[in-house]
Structure formats: structure tokens, C-alpha cells
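>>> pasting the sequence and the predicted coordinates here, then a few questions.
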Amino acid sequence: MDSASASASSPEAEEDEPGLAPPARMTTVSRHYFGGASSEHDHALRVDIVENIEEDYGMFVWPCSVILAEYVWQQRTRFSHSRVVELGAGTSLPGLVAAKVGADVTLTDIAHNTEVLNNIRQICGLNDANCKVVGLTWGEWDEPVFDLHPDIILGADVLYDSAKFDDLFATVSFVLESSPGAVFITTYHNRSGHHLIEFLMVKWGLKCLKLLDGFSFLPSCKADSLQGNIQLVEIALEKAKPK
Ligand SMILES: C[S@@+](CC[C@H](N)C(=O)[O-])C[C@H]1O[C@@H](n2cnc3c(N)ncnc32)[C@H](O)[C@@H]1O
């Protein structure tokens, strides 16, 4: 996660209307357009996101999320009848796009982080998206993780803290094991060539099915406001169990 690129990810943030009482928090609503020219006047889908830049990492639309959401949109026929789980969803832009194109979506974030989870519920309401919202902390084996059987796991900017990699991949591997044929699609800031992904694949018995430069499929109007070396990788179990 690059804080330098953070401010560029909310192209049309609008501050709350000033009222008699000052707002308790710096809440904004950003608008994200998909299809057509991906502009305010020419788009097929608009998703509105409530953000709070002063709060948690999970209260902000990070650039990796913009890129993963665009990928979901461009691959929408693949997503339209799939079961999708988003890990570390934060403001949940990719999962919301999946829901809007017809996927059955579960949005998850840290189980005890009620502020982020409540914000996700608010965003689902704002976009009339019928998603399940579930507390799921990586590496913890509470009930929700046993009920997940997705076709596709999404994760935007979830590879940002190496101290959390083992917990994240323990959860990803468990869900892949319990969901034959499932894949994990994640976008991340590439700071190590491809060594990090190679290391994680070997360590967790996974294989890389696809590796894309995140900017290679992004419309220029979105690419212009983002920075960094963001990769998209699609991962599956090395030894897939039969469906
Ligand atoms: C950098 S933010 C990315 C948020 C969102 N996916 C995006 O790209 O805009 C990382 C997200 O991972 C979540 N997260 C961090 N540690 C976690 C853990 N141990 N279990 C589950 N989620 C976690 C955070 O709450 C946050 O929403």
C-alpha cells in the first residue's frame, strides 16, 4: 500500500454538506465508473463508496482496489454466476462490482473491526447490493471460514504487511482446499520483482495461473490518477482437488 498513491484513487470525492453542527468525521463519497468511457456521463455501472481518510486502512479505496474492480468488470461474464468472497475487503469496490454483475458475494474484513464492517453494510445499502457481510480475520478459525465455498476469492492490497502473510495464506489455502476449482485473484504493490509471489507459491503449495501488470488493462482515465507498480495475480492450488 502506498500512501503516496492513495489520494489519487478517489477521483470524484465529495465532502459532506456543511451543516449546523460540524461533521464528527471526515467522510466522503467517491464515485467509480465502469464501462463506456468510464466517465460521469458515459458509463454502464456506477458504484458509490463511503470513505473516511482519517480512519482505518479499511475505510479507504486503495489503488489496488480500483484495479481489481476494473478487472472484475472486464471479466464480468466469468463473474456473473460465480460465488465470490472478498478478503480484507475494506470499502469493497471489487466485491461490489462482482455483485452488480450478478455474482453471489460475501464481503469480509477483520472480525472485531465493527467500524469497517458497518461501513461495508452502509456501502452495500447505498449501491442496492445484496451481499453478505462477515467478520473474518485471517488465520483465525471461527465459524464463517468453514462456510465459505467460493469459486473466486478476491483480495485487493492484502499483501501489504509481511507479518500478516502467513495468516492470510493460511486462510486462502484453507478456503481453496475446501472449494475445489477455486482461485484467488489479488492485486498488490510489486516491490520485489516477482520474488515475493514465487516464494509464497512454493511455501503454500500454490501455482500462479496469470500475472498481469495492473495498468495493462486499465482505461487511461483511471490509470492517469494512479501510481506505482501494481500487479494482478491469479493463484490456484498446485495440486488441485477434483471438483
Ligand atoms: C490496505 S487495506 C485494503 C482495503 C481494500 N481491499 C482496498 O484495496 O481498498 C487492507 C485491508 O485488509 C484488512 N485486514 C488487515 N489485516 C487483516 C486480518 N488479519 N484479517 C482480515 N482482514 C485484515 C484491513 O482491515 C483492510 O481492510
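In hand now; what should we look at?
>>> surely residue 100 is in contact with residue 44?
No. Residue 100 lies out of contact with residue 44 (Cβ atoms under 8 Å); the separation is 9.7 Å. Every residue, glycine included, has its C-beta placed from N, CA and C.
>>> quick check on the two: which one has the bigger neighbour count.
residue 100 (23 against 13; other Cβ atoms under 10 Å).
>>> the helix or strand harbouring residue 47 near the ligand anywhere?
According to DSSP states H and E, residue 47 maps onto strand 45-52. No. If you take Cβ under 6 Å from any ligand atom as the test, strand 45-52 misses the ligand, and the best it gets is 8.9 Å.
>>> any idea how far that strand is from the middle of the chain?
Here the centre of strand 45-52 is set off from its chain's centre by 13 Å, with Cα atoms, centre = their mean, to the nearest Å.
>>> what comes into contact with the helix or strand just after it?
Downstream of strand 45-52, the first helix or strand assigned by DSSP H and E is helix 63-74. The contact list for helix 63-74 (Cβ atoms under 8 Å, 6 or more residues apart in numbering) reads 1-2, 5-6, 8-9, 32, 34-35, 45, 47, 79, 90-91, 93-94, 96-98, 101, 154, 156-157, 185-189, 212, 214-215, 217-219, 222, 226-228, 230, 232.
>>> show me which residues of this protein sit near the ligand.
Counting by Cβ under 6 Å from any ligand atom, the chain sits next to the ligand at 1, 57-58, 61-62, 64-65, 88-91, 109-110, 113, 116, 137-138, 156-158, 160, 164, 167.
>>> just the buried ones from those residues?
For these, a burial check counting by 16 or more other Cβ atoms under 10 Å picks out 1, 57-58, 61-62, 64-65, 88-91, 109-110, 113, 116, 137-138, 156-158, 160.
>>> quick one: mark the members of those residues that sit in helices.
64-65, 116 (DSSP state H).
>>> wait, which of those residues is closest to the ligand?
Using Cβ to the nearest ligand atom, residue 65 comes nearest to the ligand of those, at 3.2 Å.
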